[in-house]
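Enquirer: quick one, what's the 3D model for this:
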Amino acid sequence: AIHAFHACRNLASCTFPNQLQTIGNSAFIYNQKLEAITLPNSLTTIGANAFESCDALKTITLGNGLTSNNLTTIAADAFKSCTAVSDIYCYFDPTNLIWATTGNQNFKAGKETKCHVASSAYNKWYTLATNGNKFSAVNVTFVGDLGTTLTGEGTVNNPYLLWSASDLVMISDKFKSDIA
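Expert: Prediction:
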C-alpha cells in the first residue's frame, strides 16, 4: 500500500510474503533502521520512492534463484538516497525489467554499489544497462559473480544458500560466524 510504513523509524526488519506483488509508492520511505531486504519472486512492482532515504539499508536481494522472478518494474527513485547500499543481488533474467531512468540519486556515488547477477546472465544485464533503453542511468556496477547451479551439488545463486540432493539449508547472517 502507498505510504504503508512511511517513517516507521524503528522498523528493523520486514518479512515479505511469498504472494506479494506490489510494494506501493513511498511504502518504506524514511525508515532509518532497515538494513537488509529480500523481496520475493512474486513481486512485480517496486513503486516510486518505495525505499527512499532508508539510511541503514545495506543489502537488497531480488528473488531467490530457485524459481522464476516476476519483477518487471522498479519505479522512479525507488531507492533514492539509499547511499549505504553496497550490494544488490539480482536472481532473475532482466529481459522484462524496466528500472526507471531517474536512478542517478540511488545508491552510492560513482557506481560504487555492486549489483551481483548470475555469471550466465551478465552479458544480458550489461547490454541492457549500457544501451540506454532499459536502465542505463541506474547508479550501480554490474558484477557477474553469482553461480547458476540449480540441480545437483553446489551453490545456488546465493552465497549462503547451500543445495544438496536431499535438502536446502538457509544460513542466515546471524549464524555465519558459527560456521566461519
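Enquirer: same for the lengthiest helix in the chain, what does it pack against?
Expert: Across the chain, the longest stretch assigned as helix under DSSP state H is helix 122-130. With contacts taken as 3 or more Cβ pairs under 8 Å, 6 or more residues apart in numbering; DSSP states H and E, helix 122-130 sits against strand 141-146. Where you see a C-beta, it was placed from the backbone N, CA and C, and this is true even at glycine.
Enquirer: okay, buried residues for the strand it packs on please.
Expert: Phe142, Val143, Gly144, Leu146 (16 or more other Cβ atoms under 10 Å).
Enquirer: so what's the third one scoring on pLDDT?
Expert: Reported pLDDT at Gly144 in the predicted model: 87.
Enquirer: looks like it contacts Tyr122 (just checking).
Expert: Yes: if you go by Cβ atoms under 8 Å, Gly144 and Tyr122 touch, sitting 2.7 Å apart.
Enquirer: pLDDT weak spots in the protein?
Expert: For the chain, the stretches flagged by pLDDT under 70 are 1, 65-68, 101-105, 131-136, 148-180.
Enquirer: how about the strands in it?
Expert: Taking DSSP state E to define them, one finds strands in the chain at 22-23, 36-39, 45-46, 59-62, 73-74, 87-90, 98-99, 114-118, 141-146, 154-155, 161-163, 168-170.
Enquirer: export these to TSV and tack on distance to Phe16?
Expert: Below are these laid out as TSV (distance: least, Cβ to Cβ, whole Å):
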stretch	distance to Phe16
strand 22-23	8
strand 36-39	6
strand 45-46	11
strand 59-62	11
strand 73-74	15
strand 87-90	15
strand 98-99	19
strand 114-118	20
strand 141-146	20
strand 154-155	24
strand 161-163	17
strand 168-170	15
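Enquirer: of all the ones you listed, which one is nearest Ser13?
Expert: Ser13 lies closest to strand 36-39 among the strands of the chain, at 7.8 Å (Cβ to Cβ).
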